[in-house]
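Q: mind folding the following:
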Amino acid sequence: MTSPTTCPVTGGGPPPSLEGQTPPVLRLSPLLRELQQQAPVCRVRTPTGDEAWLVTRYAELKALLHDGRLGRAHADPANAPRYVRNPFLDLLVVDDAQQARDLHTEMRRLLTPQFSARRVLGLAPTVSAVADRVLDGFVAAGNPGDLHGGFSMPYSLTVLCELIGIPPGERPELVRTIMTMGEVDDAERVATVQAELFGLLSAVARRKRAEPTDDVVSRLCAQVPDERIGPIAAGLLFAGLDSVASHVDLGVLLFATHPDQLAAALADERTMREGVEEILRCAKAGGSVLPRYATDDVEVGGVTLRTGDLVLLDFTLVNFDTQVFDEPEVFDIRRESNPHLTFGHGMWHCIGAPLARMALRTAFTRLFTRLPDLRPARPVQEMRRGSEGLSGGLTELPVTW
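A: Modelled structure (predicted):
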């Protein structure tokens, strides 16, 4: 871990590096904590070696979420600075800022109605049935087990597939393709696997057009051609899968290590809702990063983001801003004020937030009702989050019950 004693903003010397960090579980890293204390917007070096601005505080990040001068566009996508080396993410960078804004607006127009409160409420029985079915398989596999691989990931994937409309017979191939995309490290191979994934999902759309059911793909068929449905459905899967799964994992750790708060949440539905909000606020403790580019000069936090600069929006880091949250590193489901930004805000607010909240409430209720002694199989301080990628989640969670 690199000391931030040099140049968090303009203090001279090289900026602190984010490379090589193994983020602790449920705790803010010393580097991120010190950067947050020093400045609201800090110059850093990303794991790729490129320089970027890391937004560390709540007010500045929230302001940038409402600023149309940040987006996915860069004048020279091939040479744009990167947060991590991920050829799939590289494909999302375009060279036309207005085109990127128009596409974002259109996607929200198409997808926001798919996640309305009424539709999410209608999914509740399906989500509960999925939780019970996946939990049956997890328990049958034996004690101890890996909650991440045995419950959190298959539960999240199945819920998303039910929502989107991926038939059960298509899911094994879908999982294989998604896993392959996460493993490849060259642009040509990623493009090939991406085409396979889009083709698989577009084929689902063609079948749904002929025999529609009550799901996202069937409803989108009335608005867009089949070849566009593939990328849209893939985006929903990538946006939701690891995020929901990682919050299930980390929420189980928090509840299991705070039994009094778990008991209160299980005894009262409103308290469980508050518990989910607190898990969303503090579980990841930094590391859930949305990389964006300045498409014009932007003044924020006492610095100027120049056109083309890489800006790292860490939604979970700002949830530990002491100017907004009292004792932010304390897990407290009775917290009086909890305006966390885990789901973003404004034009970057996650449209799937209602579904994620419901899926998390269901997961915790089912898990701890069925397995009241569920607990981590090794000390939390010995666990590590993944050091690669954008999600900040666990790669495994050994548990016993």
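Q: residue ranges with poor pLDDT in the stretch 251-400 of the chain?
A: 287, 386-392 (pLDDT under 70).
Q: where exactly do the strands run in it?
A: Assigned strands in the stretch 251-400 of the chain, in chain order: 289-294, 298-300, 303-305, 310-314, 375-376, 398-400 (criterion: DSSP state E, counting those that start in this stretch).
Q: so which of those strands comes closest to residue 241?
A: When those are compared by C-beta to C-beta, strand 289-294 sits nearest residue 241, at 16.4 Å. No exception for glycine: its C-beta is placed from N, CA and C like everyone else's.
Q: angle of the closest one against strand 310-314?
A: With axes from the mean of the first three to the mean of the last three C-alpha atoms, to 10 degrees as the basis, strand 289-294 and strand 310-314 are set at 150 degrees to each other.
Q: against which helices or strands is strand 289-294 packed?
A: Other helices and strands packing on strand 289-294, by 3 or more C-beta pairs under 8 Å, 6 or more residues apart in numbering; DSSP states H and E, are strand 70-71, strand 310-314.
Q: can you list the strands of the stretch 251-400 of the chain in CSV and add mean neighbour count and distance to residue 344?
A: Shown next, in CSV, are those (neighbours: other C-beta atoms under 10 Å; distance: least, C-beta to C-beta, whole Å):
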stretch, mean neighbour count, distance to residue 344
strand 289-294, 22, 8
strand 298-300, 17, 17
strand 303-305, 19, 18
strand 310-314, 23, 8
strand 375-376, 18, 30
strand 398-400, 18, 30
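Q: can you tell me which of the ones you listed is nearest to residue 362?
A: strand 398-400 (18.1 Å).
Q: what lines up beside the closest one in the sheet?
A: In its sheet, strand 398-400 lies beside strand 145-146 (antiparallel), strand 375-376 (antiparallel), with partners assigned from DSSP bridges.
Q: touching that strand from outside, list them.
A: Residues outside strand 398-400 that contact it (C-beta atoms under 8 Å, 6 or more residues apart in numbering): 143, 144, 145, 146, 147, 252, 373, 374, 375, 376, 377, 378.
Q: just the buried ones from those residues?
A: Neighbour-count burial (16 or more other C-beta atoms under 10 Å) applied to the contacts of strand 398-400 gives 145, 146, 147, 252, 374, 375, 376.
Q: what's the closest of these to residue 122?
A: residue 252 (26.7 Å).
Q: doesn't residue 397 make contact with the closest one?
A: Yes. In this structure, residue 252 is within contact of residue 397 by C-beta atoms under 8 Å, at 7.1 Å.
Q: need the overlap of contacts for those two.
A: Shared contacts of residue 252 and residue 397 (C-beta under 8 Å, 6+ apart): 147, 376.
Q: want to try CSV for the strands paired with strand 398-400, with distance to residue 312 as columns?
A: As requested, the strands paired with strand 398-400 are arranged in CSV below (distance: least, C-beta to C-beta, whole Å):
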stretch, distance to residue 312
strand 145-146, 31
strand 375-376, 30
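Q: of the ones you listed, which approaches residue 346 most closely?
A: Nearest to residue 346, of all those, is strand 375-376, at 36.5 Å by C-beta to C-beta.
Q: roughly how far apart are residue 246 and residue 196?
A: The spacing between residue 246 and residue 196, counted by C-beta to C-beta, to the nearest Å, is 25 Å.
Q: now residue 99: which helix or strand?
A: Assignment of secondary structure by DSSP states H and E places residue 99 within helix 97-111.
Q: for that helix, packing partners?
A: Checking 3+ C-beta pairs under 8 Å, 6+ apart, helix 97-111 ends up next to strand 70-71, helix 226-256.
Q: and these, which is most packed in?
A: strand 70-71 (a mean of 24; mean count of other C-beta atoms under 10 Å).
Q: quick one: residue 293 from residue 50, how far?
A: 12 Å.
Q: which neighbours do those two share?
A: Shared contacts of residue 293 and residue 50 (C-beta under 8 Å, 6+ apart): residue 310.
Q: check contacts around residue 256.
A: 262, 374, 375, 376.
Q: with residue 157 instead?
A: Contact analysis of residue 157 by C-beta under 8 Å, 6+ apart lists 171, 175, 237, 241.
Q: so what's residue 156 up against?
A: Residue 156 sits in contact with 240, 241, 242, 244, 245, 248, 359, where contact means C-beta under 8 Å, 6+ apart.
Q: what angle separates the host helix or strand of it from helix 226-256?
A: According to DSSP H and E, residue 156 maps onto helix 153-164. Comparing the axes of helix 153-164 and helix 226-256 via the same axes, to 10 degrees yields an angle of 140 degrees.
Q: how about residues contacting the following helix or strand past helix 153-164?
A: Per DSSP H and E, helix 153-164 leads on to helix 171-183 as the next helix or strand towards the C-terminus. Helix 171-183 is contacted from outside by 88, 157-158, 161, 166, 190, 193-194, 196-197, 200-201, 237-238, 241, using C-beta under 8 Å, 6+ apart.
Q: any idea how far the nearest residue to residue 374 once chain neighbours are set aside is from residue 256?
A: Nearest non-adjacent residue to residue 374, counting by C-beta to C-beta, 6 or more residues apart in numbering: residue 401, 4.6 Å away. According to C-beta to C-beta, residue 401 and residue 256 sit 10 Å apart.
Q: name the residues contacting each of those two.
A: In contact with both residue 401 and residue 256: 374, 375, using C-beta under 8 Å, 6+ apart.
Q: tell me the pLDDT at the spatially most central residue of the chain?
A: Centroid-nearest residue in the chain: residue 243, 3.7 Å away (criterion: C-alpha atoms, centre = their mean). pLDDT for residue 243: 86.
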